[in-house]
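Let's see this in three dimensions:
(3 chains)
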Amino acid sequence: VTTQATQSDRLHPDRLFPVDPHVRDLARELYRHVAGLPLVSVHGHVEAELLAADRPFRDPSDLFVVKDHYVTRVLHSIGIPLDQLRPEADPRGVWRLFCEHWHAFRGTSTRIWLEDELTSLFGVPLPLDAIPADTSYDLIAGRLREDAYRPRALFGRFGLELLSTTDAPGSSYAPHEALRDAGLNVVPTLRPDRLTDPMRPDWEEALDAAGVTSYAGLVAYLRDERQRTVAQGAVATDHGHTWPDTEDLGEGEAGRLFDRIRRERAGPEDRRRLGAQLLTANALLALEDGLVMQLHSGVQRDHDRPSAARFGPDLGADFPLPVTFVRPLRALLERCGNEPGLRFVVFTVDETSYSRELAPMASYWPALYLGAPWWFLDAPDSMARHFSAVAESAGYAKLTGFVDDTRAFCSIPSRHDVARRTIASHLATSVAEHRLSLDEARAVAEAYAYGQPRAVYGVGSRR
Amino acid sequence: VTTQATQSDRLHPDRLFPVDPHVRDLARELYRHVAGLPLVSVHGHVEAELLAADRPFRDPSDLFVVKDHYVTRVLHSIGIPLDQLRPEADPRGVWRLFCEHWHAFRGTSTRIWLEDELTSLFGVPLPLDAIPADTSYDLIAGRLREDAYRPRALFGRFGLELLSTTDAPGSSYAPHEALRDAGLNVVPTLRPDRLTDPMRPDWEEALDAAGVTSYAGLVAYLRDERQRTVAQGAVATDHGHTWPDTEDLGEGEAGRLFDRIRRERAGPEDRRRLGAQLLTANALLALEDGLVMQLHSGVQRDHDRPSAARFGPDLGADFPLPVTFVRPLRALLERCGNEPGLRFVVFTVDETSYSRELAPMASYWPALYLGAPWWFLDAPDSMARHFSAVAESAGYAKLTGFVDDTRAFCSIPSRHDVARRTIASHLATSVAEHRLSLDEARAVAEAYAYGQPRAVYGVGSRR
Amino acid sequence: VTTQATQSDRLHPDRLFPVDPHVRDLARELYRHVAGLPLVSVHGHVEAELLAADRPFRDPSDLFVVKDHYVTRVLHSIGIPLDQLRPEADPRGVWRLFCEHWHAFRGTSTRIWLEDELTSLFGVPLPLDAIPADTSYDLIAGRLREDAYRPRALFGRFGLELLSTTDAPGSSYAPHEALRDAGLNVVPTLRPDRLTDPMRPDWEEALDAAGVTSYAGLVAYLRDERQRTVAQGAVATDHGHTWPDTEDLGEGEAGRLFDRIRRERAGPEDRRRLGAQLLTANALLALEDGLVMQLHSGVQRDHDRPSAARFGPDLGADFPLPVTFVRPLRALLERCGNEPGLRFVVFTVDETSYSRELAPMASYWPALYLGAPWWFLDAPDSMARHFSAVAESAGYAKLTGFVDDTRAFCSIPSRHDVARRTIASHLATSVAEHRLSLDEARAVAEAYAYGQPRAVYGVGSRR
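This next block holds a predicted model:
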């Protein structure tokens, strides 16, 4: 009987592979083929300033716990008050809580990533609660003082070919410029939600800050902001409207709608319509400038308002909603879904839309691509369900390949590794069931891990 | 080639385990670890009176067919009229119909439980249609006349540490008291729906019966009724509103809403709001008295009204509805979801809410727990999908562990056995994929089977 | 390491079977038991005229690409303009595009069928892009000139016991008659949507064409049209309303509703209600004439209106919608769901309804049957999920067994073969997990593949 290594500082090389010995052999072979490919990180929330400043990470708690709501949410859910997990809290105290409740992460994808980071980056023995918390804290803290553990050094060690950030309109791209001058390919991604989603409470304020007073002015402002990111090597924009509604209004109607809302003579339905129109407006701008358009919708964010009022946003109180795409995306897709120049990538955290809607839609519309399993679904079983749900109607050609999405810098290689193990496992089963030849499986694995995100997002192919 | 035993009076010891030999070994080991643990039955519909009276079960048909709508619904669906399956029908005739159509249960979880009950309790050879119906009838009927097959004797034989009943407001708990005096831990569970769900046609009648004339009066009445169950050792209340809507109105507004509905000046939306408010009111009462709050929503009950009018409720014409929890539960959770004293357990028969909503929510809110797969989902494949859908984002710490839910007394041990086999199989795969060590898997299996329901429902820890 | 044959003209005999050696043995045995059974094709879109005329198929592109939107949609989705895939396009050019982009079909069920058709029918070596496109084109074109490859010859070679077509009201059944005279059992299926779905833009036109001026007249017309198909050996009708709404209005109310809509004094809600009523009216007619009633709802068809305007319908721009059945079907089922004479078969392309609604409903209502996985779900993994989702609550007795649904004549045997492999694989696992004996699994496999569709659709049992 095999057991996972206890008190070990390395993980089992066969982790996450299928259990049948023959299929496991195939998975190992496919994984070997892709394990060492560079990482293309076309979407994420690491801040360019972190790399530009290149200061040592503050401490183990800051690095692994406090700033990662994947971690704090789980600790909070088992009864640890949020104020004990904040940046103001004593780092050693946070770390002790984390180690003491390590068992709460059993079964989670967060634990799979953390195990990889803790062992392969820091040599911490596992399980994390097998040695005193202060011992692992000191071990990691010691490493963090070394030059090899500063952000830029890790960027190189991770094999990152490109890292995308997320940037509000009006952002400075000086950190990105400095990084590119230093040879690190860090590019911005415009996320204009505060200007394009009139349902947000800060919409009017954002318009005022941008000096925008009309629909045409807003589109012009967006065009300029997009161009500013293009000049910085950007490959995409990102859109996080709660619902994927789109409209295709004429310029005149859109302008009148905008004016009506600004004069406060409009209700929520008008605001929803204008947001829907602005998604289509961005798709049309994407046809001009070639940026990929990413849509991350279907999430109710900051859903615990009392805690958000006390501690701010991004506490992990973000919950998926049931979402449908067919009718909401119709206006945008009928307008430009057949345009070969557009690449429109849809992400979902509602698995039901995979086989029902997104796979059928992506395997019809040339412009539509299906993003990798996102957020709660960025996990081995969830990814396996994704492949099973979409491949039979859409194949692999309209998937973006793996796209990570995190503010936890050190988790990026671990997330790619899990994705590579998972696609290898999926394809190994396909080979064993004689659906694909091993050569085809190799090609699909390589595309999913590296080639397809580069191709869809145009990495390396821009001026 | 292995085949299931034909004409056998015992089941295969490896049933429901994974097929890979190595993983099956792991599953066997994990199952052995939990198979003999006591049964904690914190939710169910067996009547205390059955045990208090301790009369022999009437006959095989009454025990296995007539009173179990899991069985009658399937027989009805293949064309047997309901009147042939009622308590008034000839028991031997019912039993013959049951045996004759045994094949209709192939693949169902009901059959898995029945096979276990028929063989391990009664020594009936399988398949049930392999011997004459009268022979199996006589065999079972003979046993039922023995003292060892009377309800209390079976209670002991089943290893039941606690059995919860379901009780309407105003119920007498004399049977519970008598049973506890006799050393059987049978506790009530208040189900106040008829008072708390103004959408029900009998709501006004229930208020009148309770002498309730105001919102404050209703809350006071509920407080008292809850206390009556606490005094009887209760661990929880149960709430079966069709939708999981909650509101958090002030006392004044709730009072006015109640009065408006009682004066018949309110429409269905007002009734829905008052029901939603009363869920939150129960959560606040739970903070006072420490009872776990269970929510079983998302089911359209007694959906065949012509048959219900003829034969009464609980015919099996109960069908799940698509359900979403995020926005409906917001009011209750924002009010008291961060309270460590509350344990709020949500059950669902809509699998889509597992990965989309309930796992993300339970792994954020301290008060929220995710109930075991319920009703149609209390089955091996469904449970396996459940574990796969929830563990990657929520782990195992916020699951209640296994909770059975039945009015078929003899199915309780079989249901727990299937759940123990299924969690063992799930964890065996996790060990084989190097996600968990065997020691961790043992701990999770034991918690799921026994420790976690005891802890969440506070069994054994009350005054 | 096993790889799929490259440059082979036969497929692996174990394709799609489970990977565990013992379970694969069981699957092989179960598959052998059903592989050679005749094909009962109770639903489909091949035209009777194709067989009646019995002309050679035009060319390989016409046969495999141009007329099959499963194929053209995928090619379109990767950037090939629709006008290059139309009947007017050069067949050799189409074939070259198809072969060149063969990789886009990796992982799809379409490829599984095509591989089978190309090798077993035409002896084309695989993968399709391994030899020059002109070579495979010539090979197939040569065969198509042989008598053995004309439609009627293939009908015999396929082992088709019955083939159902889809027919609008008012259709001529002369081709069906001619075929039956020639010994080919080809029967019509009335699809009266254009008369029964007032949401359709051509509804008024269809009523005028039929000379219908009242609700009673419409029901009488439908009764006659149904009788015309009964006289032709029909086994079913088919209904493709977007939503599964049903109503049970009195004759008077239905009549007034019809009149109101015809006088253009009614809105969309009235149109929806009349369509809902007409489904129940068809169920009542089915009780009279014994035809199975099939419902295919939940699809947004021809969703790319600009392309539909240019090229016509059926381009593959058909996308499933989230659908719920419980409340919408209530009126019809309360009216006649307990009638043993009705067989009402519901299909879905929203997998979420399997375990949540359709399995619980089909295992209660005698008249309700659950159709085989449809359209995008007619694929091995999707079918496996279906069996897993429905069997535990509904067993196998209320499934229709496999029902194909295609306008691609040559794909019919391949679709049945995939279904037979998939049910064999599912049941092999059930046997290995000791849920079913091998004898029972054989019986279920045979029923699913052949016996159950014959029984449910009454094939061979009509006057």
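
drop to CA atoms for contacts and neighbour counts, all remaining ones
Noted.

got the residue ranges for the strands in chain A?
A:39-41, A:160-164, A:186-187, A:236-239, A:292-296, A:299-300, A:319-320, A:344-347, A:368-370 (DSSP state E).

Walk me through which strands the third one pairs with, and which way each runs.
Read that as strand A:186-187. The strands beside strand A:186-187 in its sheet (DSSP bridges) come out as strand A:160-164 (parallel).

Flag the shaky bits of chain A, pLDDT-wise.
For chain A, the stretches flagged by pLDDT under 70 are A:1-9, A:462-463.

picking up where we left off before, of the strands of chain A, which is nearest A:A281?
strand A:292-296 (11.1 Å; Cα to Cα).

neighbouring contacts of that closest one?
Residues from elsewhere that reach strand A:292-296 (Cα atoms under 8 Å, 6 or more residues apart in numbering or on different chains): A:235-241, A:244, A:282-283, A:286, A:342-348, A:456-457.

Generate a PyMOL selection restricted to the buried entries among these.
Applying 16 or more other Cα atoms under 10 Å in any protein chain shown to the contacts of strand A:292-296, the buried members can be selected in PyMOL as follows:
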select buried, chain A and resi 235+236+237+238+239+240+241+244+282+283+286+342+343+344+345+346+347+348+456+457
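
residue contacts, A:S382?
A:373, B:388-389, B:392.

Next up, the contacts around whichever residue of the stretch 151-300 of chain A sits closest to chain C.
In the stretch 151-300 of chain A, the residue that lies nearest chain C is A:D248 (13.6 Å; Cα to the nearest Cα). Counting by Cα under 8 Å, 6+ apart, A:D248 touches A:277, A:280, A:331-332, A:335.

which of the residues you listed has the most neighbours?
Per-residue neighbour counts (other Cα atoms under 10 Å in any protein chain shown) across the contacts of A:D248 peak at A:Q277, which has 25 neighbours.

Can you give me every residue that contacts that residue?
A:Q277 sits next to A:246-249, A:254 when contact means Cα under 8 Å, 6+ apart.

Ends of stretch A:123-135, what's the gap?
End-to-end distance for stretch A:123-135: 12 Å, by Cα to Cα, to the nearest Å.

Next: stretch A:143-159.
One end of stretch A:143-159 to the other measures 20 Å (Cα to Cα).

Could you list the residues in contact with that stretch?
Contacts for stretch A:143-159 (Cα under 8 Å, 6+ apart): A:38-39, A:50-51, A:54-59, A:122, A:184, A:413.

how about 10 Å then?
Here stretch A:143-159 makes contact (Cα atoms under 10 Å, 6 or more residues apart in numbering or on different chains) with A:36-40, A:50-60, A:63, A:121-123, A:138, A:140, A:142, A:160-163, A:179, A:182, A:184-185, A:409-414.

just the buried members of the residues you listed?
Buried, going by 16+ other Cα under 10 Å: A:37-40, A:50-52, A:55-57, A:59-60, A:63, A:122-123, A:140, A:160-163, A:179, A:184-185, A:409-414, out of the contacts of stretch A:143-159.

Look up phi and psi at A:S363.
phi -90, psi 20 (degrees, to the nearest 10).

B:E334 versus that one, what's the distance?
41 Å.

so what's the residue minimising distance to the centre of chain A closest to, chain neighbours aside?
Per Cα atoms, centre = their mean, the C-alpha nearest to the average position across chain A is that of A:D405, at 1.8 Å. Spatial nearest neighbour of A:D405, excluding adjacent residues (Cα to Cα, 6 or more residues apart in numbering or on different chains): A:G44 at 4.5 Å.

Would you confirm that the one you found contacts A:L190?
No - under the criterion of Cα atoms under 10 Å, A:G44 is not in contact with A:L190, lying 11.5 Å apart.
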